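# structure of the sequence below:
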Amino acid sequence: MKVFPFTFLVSEDKSVVSERFESPNFYPYLHRHEEWQITYIEHGTGTLIAGNDMQHFKSGDLFVIGSGLPHLFKNAIDEAQNQVNLVSSHSIYFDVDAKLGPLFSLPEMKTVKKFLARNKNGFKISEKHAEMIYSLMKAIDKSIGVKLLSNFVDLMLALQTIEEQFTPICSDMFKLGKIDSDGDRLVRIVNYISDNYHKAITLEDVSDIAFMTPQAFCRYFKKHTGHTFVSYLNEVRINYARKSLILDGKLDHISSIAYKVGFSSIPNFNRVFKSIVGKSPKAYIHDFEMLTG
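Residues are numbered from 1 along each chain as shown. Below you'll find the model as predicted:
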């Protein structure tokens, strides 16, 4: 898969770009750009491919993607219910070597520049700090002139203070030259699982999509996602089940939802749901109803 270069149209009066996005689909191509990208998922679920890494994203997640790192946010499309899920996000883009070059050359910004160099591929921010960082992103979105730069510096300093609680989104060993083969393979895998999660999918099926033996696929998938194939597929299915339970909200429909998202056994669905969500489907519906009145 070709990695598309992406160029932002930056206005003459701004050196930091703030972008609000709401659509049935994210930008659908694996792409890279010189700007660092900080993205908060306001609404939606799906898969993030970043370099040679792959992981789920959901509402409330916040990612920082390094300069030049190929990436793709692929939203989850609910084929079983024949509906497109709306996604929305807020992103901040900045290039440390272009308009902001003089700022990052100042002695006072030396530690910030070293911080970015240490985390060159990017990272995921913990749920504990995501809302705090998001509030600083919103301040940038609403400001202009010197105040915008001031808010941007505040954002950089805040990221530094929580560095020890980051989760890297791509290995430091990742080489940009490998993305054409790895990116193509990861996108094929994600597409296949997204399109077929509600059916019976075997290890052999998905190994064929990746053009690998089952044994090689298991090693590859675990390395790049941190999941076994079965645990990843279960998370995808349970994510869809959670949305269906919220939309439906009827206890007597739990079994039909379980079959609809690809489970062939109700006891197995209940067990997997509780292991991932931390509560049974019945308790999940009950707690949601209590919260929403």
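# now do the strands in the chain.
Ranges of strands in the chain, per DSSP state E, are 4-5, 17-23, 31-32, 36-43, 46-50, 53-57, 62-65, 71-75, 87-94, 122-125, 167-168.
# need these in JSON lines with mean neighbour count, mean pLDDT and distance to Lys274, can you?
Every C-beta, even on glycine, is put in place using the N, C-alpha and C of the backbone. JSON lines is the format used below for the strands of the chain (neighbours: other Cβ atoms under 10 Å; pLDDT from 0 to 100; distance: least, Cβ to Cβ, whole Å):
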{"stretch": "strand 4-5", "mean neighbour count": "12", "mean pLDDT": "56", "distance to Lys274": "41"}
{"stretch": "strand 17-23", "mean neighbour count": "15", "mean pLDDT": "89", "distance to Lys274": "33"}
{"stretch": "strand 31-32", "mean neighbour count": "16", "mean pLDDT": "85", "distance to Lys274": "38"}
{"stretch": "strand 36-43", "mean neighbour count": "20", "mean pLDDT": "95", "distance to Lys274": "25"}
{"stretch": "strand 46-50", "mean neighbour count": "24", "mean pLDDT": "86", "distance to Lys274": "23"}
{"stretch": "strand 53-57", "mean neighbour count": "21", "mean pLDDT": "84", "distance to Lys274": "18"}
{"stretch": "strand 62-65", "mean neighbour count": "24", "mean pLDDT": "96", "distance to Lys274": "27"}
{"stretch": "strand 71-75", "mean neighbour count": "23", "mean pLDDT": "87", "distance to Lys274": "26"}
{"stretch": "strand 87-94", "mean neighbour count": "21", "mean pLDDT": "94", "distance to Lys274": "27"}
{"stretch": "strand 122-125", "mean neighbour count": "22", "mean pLDDT": "94", "distance to Lys274": "25"}
{"stretch": "strand 167-168", "mean neighbour count": "13", "mean pLDDT": "88", "distance to Lys274": "24"}
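# ok, which of the ones you listed comes nearest Asp154?
Closest approach to Asp154 among those (Cβ to Cβ): strand 87-94, 12.1 Å.
# need the strands of the chain in a markdown table (columns: distance to Lys222).
Output for the strands of the chain, formatted as a markdown table (distance: least, Cβ to Cβ, whole Å):
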| stretch | distance to Lys222 |
| --- | --- |
| strand 4-5 | 28 |
| strand 17-23 | 32 |
| strand 31-32 | 25 |
| strand 36-43 | 25 |
| strand 46-50 | 16 |
| strand 53-57 | 11 |
| strand 62-65 | 21 |
| strand 71-75 | 20 |
| strand 87-94 | 28 |
| strand 122-125 | 19 |
| strand 167-168 | 16 |
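# quick check: which of these is nearest to Ile193?
Among the strands of the chain, the nearest to Ile193 by Cβ to Cβ is strand 46-50 (8.4 Å).
# that closest one - contacts with which helices or strands?
On a contact count with 3 or more Cβ pairs under 8 Å, 6 or more residues apart in numbering; DSSP states H and E, strand 46-50 meets strand 53-57, strand 62-65, strand 71-75, helix 179-196.
# now with 10 Å?
Counting contacts by 3 or more Cβ pairs under 10 Å, 6 or more residues apart in numbering; DSSP states H and E, strand 46-50 packs against strand 53-57, strand 62-65, strand 71-75, strand 122-125, helix 179-196, helix 229-248.
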